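In: just the structure for this:
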Amino acid sequence: MTLPASPVRADTHPCARCGAPVALDLGLCERCNPLGLKDSASSQVHGTVFLAVGAAVAGLAIAAHLAVAGIGPFSAKVTAMRPAATAGSLVATIEVRNEGNTTGSATCRLTDPTDPSVVHSTVAYSPRVPGGATVTFDQEVAYGSADQLLAVACTGP
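Out: Numbering: from 1, shown residues only. All right, here's what the predicted structure looks like:
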């Protein structure tokens, strides 16, 4: 004589290790947890994950700070304006000095000092500037005049 198959209860879930059905208030079956040790509470698990994510974010913030420490501040000026090869455009020669002690690039914003509403502006990225050094680069713009130097302001990371 054979015994009828035991019905699968609806209030179970799979064991975390082997997949055998276990009660909802347990994480491991009797075979995987023979001593009946108490499972970690979900708040303990979530708290641990929260702390790990917080530590990772703090670690990345510290690494990012160390990566950009010593870059800038930058001082800049437009030293010359000349007509560009493109009709109606000008080339501004920009001189950027890195006042810091670490090599870095500057983000420079060129504006027309005769344009009080700052309708025309251009953002340019300088080449890498060693700490304490000065570099010069050209940027083409579609506003201004060859006899009026543009205003420039450069910032670092």
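
In: for this structure, just list every one of the helices.
Out: For the chain, the helices defined by DSSP state H cover 42-68.

In: now it, which segments are flagged as low pLDDT?
Out: When residues are selected by pLDDT under 70, those of the chain lie in 1-9.

In: all strands for it, in order.
Out: For the chain, the strands identified by DSSP state E occupy 12-14, 21-23, 74-83, 90-98, 107-111, 121-125, 134-141, 151-155, in order along the chain.

In: can you list the domains in this structure?
Out: Structural domains of the chain, as assigned by automatic domain parsing, span the residue ranges 12-68, 74-155.

In: out of the ones you listed, deepest packed?
Out: Each of the domains of the chain was scored by mean neighbour count; the highest is domain 74-155, a mean of 15, by mean count of other C-beta atoms under 10 Å. The C-beta positions use only the backbone N, C-alpha and C, and glycine is treated the same way.

In: can you give me the end-to-end span of it?
Out: End-to-end span of domain 74-155 (C-alpha to C-alpha, to the nearest Å): 6 Å.

In: please compute how far it lies from its chain's middle.
Out: In terms of C-alpha atoms, centre = their mean, to the nearest Å, the centre of domain 74-155 is found 26 Å from the chain centre.

In: what sits against residue 27?
Out: The neighbourhood of residue 27, defined by C-beta atoms under 8 Å, 6 or more residues apart in numbering, consists of 15-16, 33, 39-40.

In: go again with 6 Å.
Out: The contact partners of residue 27, by C-beta atoms under 6 Å, 6 or more residues apart in numbering, come to 16, 39.

In: returning to that earlier point: save the strands of the chain as JSON lines, and put in distance to residue 64 too.
Out: Compiled in JSON lines, the strands of the chain are given as follows (distance: least, C-beta to C-beta, whole Å):
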{"stretch": "strand 12-14", "distance to residue 64": "41"}
{"stretch": "strand 21-23", "distance to residue 64": "45"}
{"stretch": "strand 74-83", "distance to residue 64": "19"}
{"stretch": "strand 90-98", "distance to residue 64": "19"}
{"stretch": "strand 107-111", "distance to residue 64": "17"}
{"stretch": "strand 121-125", "distance to residue 64": "19"}
{"stretch": "strand 134-141", "distance to residue 64": "24"}
{"stretch": "strand 151-155", "distance to residue 64": "17"}
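
In: that'll do, ta.
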